[in-house]
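Engineer: Make a model of this:
(one chain, ligands or ions: 1)
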Amino acid sequence: TEACLAAIDAADALGAFVHKTPEIALERARAADTRIKAGDAPDMCGIPVGIKDLFCTEGVPSQAASKILEGFRPEYESTVSGQLRDAGAVMLGKLNMDEFAMGSSNETSVYGNAVNPWRAGNSDAALTPGGSSGGSAAAVAADLCLAATGTDTGGSIRQPAAFTGIVGLKPTYGRASRWGIVAFASSLDQAGPMTKTVRDAAIMGAAMMGHDPKDSTSAELPVPDFEAMLTGDIRGKVIGIPKEYRMDGMPAEIEALWTRGREMLADAGAVIRDISLPHTKYALPTYYVIAPAEASSNLARYDGVRFGYRAKLAQGDGITELYEKTRAEGFGPEVRRRVMVGTYVLSAGYYDAYYNRARKVRTLIKHDFETVFNEGVDAILTPATPSAAFALGQKFDDPVQMYLNDVFTVTVNLAGLPGLAVPTGLDAQGLPLGLQLIGKPWEEGELLNIGYALE
Ligand code: GLN
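Structural biologist: Numbers count the residues shown, from 1 in each chain. From the prediction side, this is the model:
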């Protein structure tokens with residue numbers, strides 16, 4: 001813990017930690033020592049971790065990287081960070097992210113962006129660590145902590161993991177409690193581990209998951225011992241390669257990475273099968289209707305009365321001005337864009353044309369996956385991202401370019417499936433690239449074991 005705290009102080013330029021909690025960390029580390037000496041040490045006991053700013057942490061600023069939550073210190077702990085704390089994990093502080101987890105580059109944060117510790121070739125240009133869990137990814141990749149929590153609504157664990165050469169697991173929807181995590185799009189959000197290795201993801205993932213009566217969508221299923229399932233034996237497992245993920249204009253190195261991944265799995269005894277997921281091309285537009293719709297509803301609670309920031313009012317201003325000014329000043333441009341899109345697609349005249357249509361297409365996307373799993377496919381292998389990490393600023397002014405980053409990841413959230421990003425190689429400039437494995441519902445253990453063979 002002391003070594004991590006020193007590393008964090010020396011790495012302020014990365015912008016990974018936005019609130020440091022050294023007193024809490026040292027107190028929990030001492031408590032962990034005591035537990036270890038007493039022989040009562042769960043797997044996470046004494047492990048220094050970072051917590052994404054989206055998780056409410058008791059008494060500690062929890063701002064979702066937004067001005068509108070300025071000064072908010074929850075009186076409660078999210079179920080997931082509470083489970084980690086109870087398992088002995090040591091919280092070092094809160095990690096940078098895109099505002100309300102909306103973004104793919106960590107550039108929408110009120111704190112400013114986090115920086116990817118990797119550089120392309122001899123270039124000094126600062127790269128994005130990805131988003132929205134960019135601070136988590138940068139912190140793990142730069143050895144500021146042993147692991148971090150992330151959340152993933154459309155790729156926010158897997159894309160930053162791929163951009164920084166670490167492992168990221170998005171569990172099956174309902175596997176990890178959403179209670180106490182600032183809501184973005186409630187039917188898509190899931191928390192998961194971001195770690196250096198698949199084994200670490202198995203250990204930390206198990207500590208984060210489980211049924212929670214406080215989240216009505218949380219599944220009443222036991223969480224298996226994922227670590228014990230890492231046998232490396234994947235003989236006979238059927239791995240699907242979806243042809244729709246071979247996008248036009250896909251960089252040759254992503255194509256080569258994907259080919260190498262299938263060869264590695266074939267060498268380990270898996271059966272490779274070409275498959276089709278015909279509705280893939282609708283996933284991105286579907287996601288960018290559903291996610292903003294849910295966000296516009298979830299973010300209605302930030303009204304300047306109940307939480308955080310409140311705008312200064314002028315003489316004669318009433319409740320409407322309070323809402324308008326607070327939201328105009330408190331939300332950044334990307335969040336405002338999402339709220340406007342969401343409100344539009346939910347409004348009476350457009351509901352059927354956009355929101356209802358998107359829900360129907362979502363069902364078709366889910367059926368695509370169910371069909372291939374019913375036909376014997378055990379897991380699906382795809383690239384995690386369409387490129388390696390890009391330069392900060394490069395896509396910031398073009399939301400559509402930014403949204404295209406999520407092309408391989410959003411299908412997984414729409415279908416509620418588990419997804420795992422595994423670092424599998426470097427590009428010609430020496431930047432990390434990752435592959436994605438998509439699994440059957442509740443089969444995180446099998447997914448991790450297949451990922452273990454790719455690592
Ligand atoms: N980049 C996607 C978005 O901006 C996904 C974000 C996420 O998974 N939280 O919505």
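
Engineer: pLDDT below threshold where in the stretch 201-350 of the chain?
Structural biologist: Applying pLDDT under 70 to the stretch 201-350 of the chain picks out no residues at all.

Engineer: Three-state assignment for the residue of it at minimum distance from the ligand, please.
Structural biologist: The minimum distance from the stretch 201-350 of the chain to the ligand, using CB to the nearest ligand atom, falls at Ala291 (5.3 Å). To be clear about C-beta, it is placed using only N, CA and C from the backbone, and glycine gets the same treatment. Here Ala291 is recorded as helix under DSSP: H, G, I helix; E, B strand; the rest coil.

Engineer: How many residues are close by it?
Structural biologist: Here the number of neighbours of Ala291 (other CB atoms under 10 Å) works out to 27.

Engineer: Contact partners for it?
Structural biologist: Residues in contact with Ala291 (CB atoms under 8 Å, 6 or more residues apart in numbering) are Thr153, Gly154, Phe184, Ala185, Leu188, Arg338.

Engineer: Checking my notes, the third one in a helix, right?
Structural biologist: Which is Phe184. No - secondary structure of Phe184 (three-state DSSP): coil, not part of a helix.

Engineer: Let me see the confidence value for it.
Structural biologist: pLDDT recorded at Phe184 is 98.

Engineer: Verify the contact between Tyr351 and Val345 for me.
Structural biologist: Yes - taking CB atoms under 8 Å as the definition, Tyr351 is a contact partner of Val345 at 7.3 Å.

Engineer: in the protein, which spans are helices?
Structural biologist: Counting by DSSP state H, the chain has these helices, from start to end: 2-10, 22-37, 79-86, 134-141, 158-164, 198-208, 252-267, 283-298, 319-330, 333-346, 357-374, 399-404, 410-415, 444-454.

Engineer: okay, those in TSV with distance to Ser387 next?
Structural biologist: What follows is those, written out as TSV (distance: least, CB to CB, whole Å):
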stretch	distance to Ser387
helix 2-10	29
helix 22-37	36
helix 79-86	30
helix 134-141	16
helix 158-164	9
helix 198-208	23
helix 252-267	7
helix 283-298	15
helix 319-330	33
helix 333-346	20
helix 357-374	23
helix 399-404	10
helix 410-415	16
helix 444-454	20
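
Engineer: Which residue ranges make up each domain of this structure?
Structural biologist: For the chain, the domain assignment from automatic domain parsing gives the residue ranges 1-276+368-455, 284-352.

Engineer: and the shortest one, how far apart are its ends?
Structural biologist: For domain 284-352, the first and last residues are 18 Å from each other (CA to CA, to the nearest Å).

Engineer: coming back round to it: just tell me which of the domains of the chain ends up closest to Lys360.
Structural biologist: Across the domains of the chain, Lys360 has its closest neighbour in domain 284-352 (9.2 Å, CB to CB).

Engineer: ok now stretch 253-269, how far from the chain's centre?
Structural biologist: Distance of stretch 253-269 from its chain centroid, counting by CA atoms, centre = their mean, to the nearest Å, is 24 Å.

Engineer: hmm, I was thinking of stretch 124-131
Structural biologist: Relative to its parent chain, stretch 124-131 has a centroid offset of 17 Å by CA atoms, centre = their mean.

Engineer: Return the alpha-carbon coordinates of it using CSV.
Structural biologist: Provided in CSV are the C-alpha atoms of stretch 124-131 (Å, rounded to 0.1, in the frame of the first residue of the first chain):
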residue,chain,number,x,y,z
ASP,A,124,5.9,12.0,-27.2
ALA,A,125,2.3,12.5,-28.1
ALA,A,126,0.0,11.8,-25.2
LEU,A,127,-2.6,9.0,-26.0
THR,A,128,-6.0,8.4,-24.5
PRO,A,129,-6.2,5.5,-22.0
GLY,A,130,-9.7,4.9,-23.5
GLY,A,131,-13.0,5.5,-21.6
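
Engineer: what comes up buried for that stretch?
Structural biologist: Ala126, Leu127, Thr128, Pro129, Gly130, Gly131 (16 or more other CB atoms under 10 Å).

Engineer: With stretch 334-341 instead?
Structural biologist: Within stretch 334-341, the residues that count as buried by 16+ other CB under 10 Å are Glu334, Val335, Arg338, Val339, Val341.

Engineer: among the residues you listed, which are in reach of the ligand?
Structural biologist: The subset of these within reach of the ligand, by CB under 6 Å from any ligand atom, is empty.

Engineer: count of neighbours near the residue in the stretch 301-450 of the chain that the ligand sits nearest to?
Structural biologist: The stretch 301-450 of the chain approaches the ligand most closely through Asp406 (4.8 Å), counting by CB to the nearest ligand atom. A count of neighbours around Asp406, defined by other CB under 10 Å, yields 24.

Engineer: per-residue confidence for it?
Structural biologist: 93.

Engineer: Kindly report the residues of the stretch 201-350 of the chain close to the ligand.
Structural biologist: Ala291.

Engineer: sorry, back to before: of the domains of the chain, which stretch is the most buried?
Structural biologist: Using mean count of other CB atoms under 10 Å, the stretch among the domains of the chain with the largest mean neighbour count is domain 1-276+368-455, at a mean of 22.

Engineer: C-alpha coordinates for stretch 74-86, PDB please?
Structural biologist: The C-alpha trace of stretch 74-86 is given here as PDB (Å, rounded to 0.1, in the frame of the first residue of the first chain):
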ATOM      1  CA  PRO A  74     -22.300   9.800   0.000                       C
ATOM      2  CA  GLU A  75     -23.300   8.400   3.400                       C
ATOM      3  CA  TYR A  76     -23.300   4.900   1.900                       C
ATOM      4  CA  GLU A  77     -21.000   2.600   0.100                       C
ATOM      5  CA  SER A  78     -21.900   0.900  -3.200                       C
ATOM      6  CA  THR A  79     -22.500  -2.800  -2.800                       C
ATOM      7  CA  VAL A  80     -19.600  -3.700  -5.000                       C
ATOM      8  CA  SER A  81     -17.000  -1.500  -3.400                       C
ATOM      9  CA  GLY A  82     -18.400  -2.600   0.000                       C
ATOM     10  CA  GLN A  83     -17.900  -6.200  -0.900                       C
ATOM     11  CA  LEU A  84     -14.300  -5.500  -1.900                       C
ATOM     12  CA  ARG A  85     -13.700  -3.600   1.300                       C
ATOM     13  CA  ASP A  86     -15.200  -6.400   3.400                       C
END
